[in-house]
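Chemist: using only what follows, build the 3D model:
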Amino acid sequence: MRLGILAVGHKLPDWVAAGCAEYIKRMPRELPVAMVEIKPEPRSGKTREQLLAAEKVRLRSALQGYARTIVLDERGADLTTLKLAQRLEDWMREGGDTAFVIGGADGIDEEIKAGADSMIRLSSLTLPHAMARLVLCEQLYRALSVVRNHPYHREG
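Modeler: Predicted coordinates for the structure are as follows:
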């Protein structure tokens, strides 16, 4: 099984890219994580709907080959780290590659959301998209550490 983080957006700030790279590097060979940047649609007088429709085409193309789609959205399920670990363990048992989708500045097209296997949120706070990538990378590593009883995650 492999994990993909499909994120609409431009080049990450160096400190975010370094943090994401660190957590991705810590993932085991049997559960690799790929960061896939999706080019945002140039704004140039387009409506939000036009922007999302163009990004939807790019996202659908990038989602090819993934068995499971998880959309990150502010209205998604609010998971604890332990609940994320349980879901990760279930996905590993079921098999199939899993894509996590992070939208751009205008969000994610409703068709992508409707077609997703689930929607989750990382926080009740509004996070910059670059920060969402970093938090997701760390939480995937932490969830795997819970699954494997690794001391990285400490309860209580």
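
Chemist: strands paired with the biggest strand by length in the chain, and their directions?
Modeler: Ranked by residue count, the top strand of the chain under DSSP state E comes out as strand 68-78. Using DSSP bridges, strand 68-78 pairs in its sheet with strand 98-102 (parallel), strand 118-121 (parallel).

Chemist: the next helix or strand along the chain from it to strand 98-102, inter-axis angle?
Modeler: The C-terminal neighbour of strand 68-78 among helices and strands, as given by DSSP states H and E, is helix 81-94. Counting by axes from the mean of the first three to the mean of the last three Cα atoms, to 10 degrees, helix 81-94 points 140 degrees away from the direction of strand 98-102.

Chemist: who's in contact with helix 81-94?
Modeler: The contact list for helix 81-94, computed with Cβ atoms under 8 Å, 6 or more residues apart in numbering, reads 1, 31, 68, 79, 98, 120, 139-140, 142-144, 146-147, 153, 155. C-betas here are computed from N, CA, C, even on glycine.

Chemist: and what of stretch 66-78?
Modeler: Residues from elsewhere that reach stretch 66-78 (Cβ under 8 Å, 6+ apart): 4, 63, 91, 95-103, 107-108, 112-113, 115-122, 124, 126, 132, 136.

Chemist: hmm, try it at 6 Å
Modeler: The contact list for stretch 66-78 (Cβ atoms under 6 Å, 6 or more residues apart in numbering) reads 96-102, 108, 113, 116-121.

Chemist: closest one of those residues to Y23?
Modeler: Within those, the smallest distance to Y23 is 13.1 Å, found for F100 (Cβ to Cβ).
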